[in-house]
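Q: Generate coordinates for the sequence data below:
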Amino acid sequence: MRLTKFRHPAPAGFSLVEVTLAMGIAALGLVAILGMMPQGLEMSRKTAEITVQRQINEHVLNNLNQRTWTDLTTSVAPVTLYYDDQGLETMAGSPTQSIVAKVTVVLLDHQQALPAGAAAEPYLVKAVVQIATTTNANFNFSPENRRNYVTSTHYIAKTR
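A: This next block holds a predicted model:
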């Protein structure tokens with residue numbers, strides 16, 4: 001009979017120090033990623049809000065462009081419109097109403113200067129669209145609240 005030397009197998013697996021270091025590095029990466037989540041969510045919310053505001057702006061301008069010139073220039077009282085969070089028109093006070101838009105059409109007379117110092121044009125009106133993300137159907141679009149709404153100005157020319 002032959003005697004064989006018994007050898008201990010090489011240690012398999014990781015030591016406690018190696019596992020602790022690996023978990024520390026993974027935890028550090030996870031904390032960094034979770035720290036960026038609120039910023040990403042806020043950026044996503046703002047982007048969605050801007051997209052809906054642009055959609056509403058386009059909807060209002062398309063409606064104004066489809067009106068006859070006489071109708072456009074005789075009804076110059078501000079109009080308030082209400083939209084839901086998807087940019088679909090709704091009624092004031094509706095449970096889905098989350099955006100208020102005020103549309104004002106301003107007639108440009110000969111005394112009013114146009115951009116770039118051009119001469120006044122009798123067949124041109126200015127449309128001012130103010131959009132606020134609020135559930136308050138009676139939102140006050142005053143200069144004091146300017147930080148709470150977006151204003152865009154457009155010029156509409158008589159084409160017919």
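
Q: only C-alpha atoms for contact and neighbour calcs from this point on.
A: Will do.

Q: what packs against the helix or strand bottoming out on mean pLDDT in the chain?
A: The weakest-scoring helix or strand in the chain, judged by mean pLDDT, DSSP states H and E, is helix 69-74 (a mean of 83). Of the remaining helices and strands, those touching helix 69-74 by 3 or more CA pairs under 8 Å, 6 or more residues apart in numbering; DSSP states H and E are strand 97-107.

Q: Please point out which parts of the helix or strand following the strand it packs on sit buried.
A: Scanning forward in sequence from strand 97-107, with DSSP states H and E defining helices and strands, the next element found is strand 124-133. Applying a neighbour-count criterion of 16 or more other CA atoms under 10 Å, one finds 124, 125, 126, 127, 128, 129, 130, 131, 132, 133 buried in strand 124-133.

Q: I'd like to know which of those residues is nearest to residue 73.
A: Distance ranking of the buried residues of strand 124-133 against residue 73, using CA to CA, places residue 125 first at 7.7 Å.

Q: what ranges of the chain fall below the confidence cut-off?
A: Applying pLDDT under 70 to the chain flags residues 1, 10-11, 109-121, 160.

Q: do that again at 90, thanks
A: Scanning the chain with the threshold set as pLDDT under 90 gives 1-14, 65-77, 85, 92-94, 96, 106-126, 135, 137, 143-147, 155-160.

Q: which residues of it fall in strands?
A: 79-84, 89-90, 97-107, 124-133, 150-157 (DSSP state E).

Q: same for the fourth one, what does it pack against?
A: The one in question is strand 124-133. With 3+ CA pairs under 8 Å, 6+ apart as the test, strand 124-133 has helix 16-66, strand 97-107, strand 150-157 packed against it.
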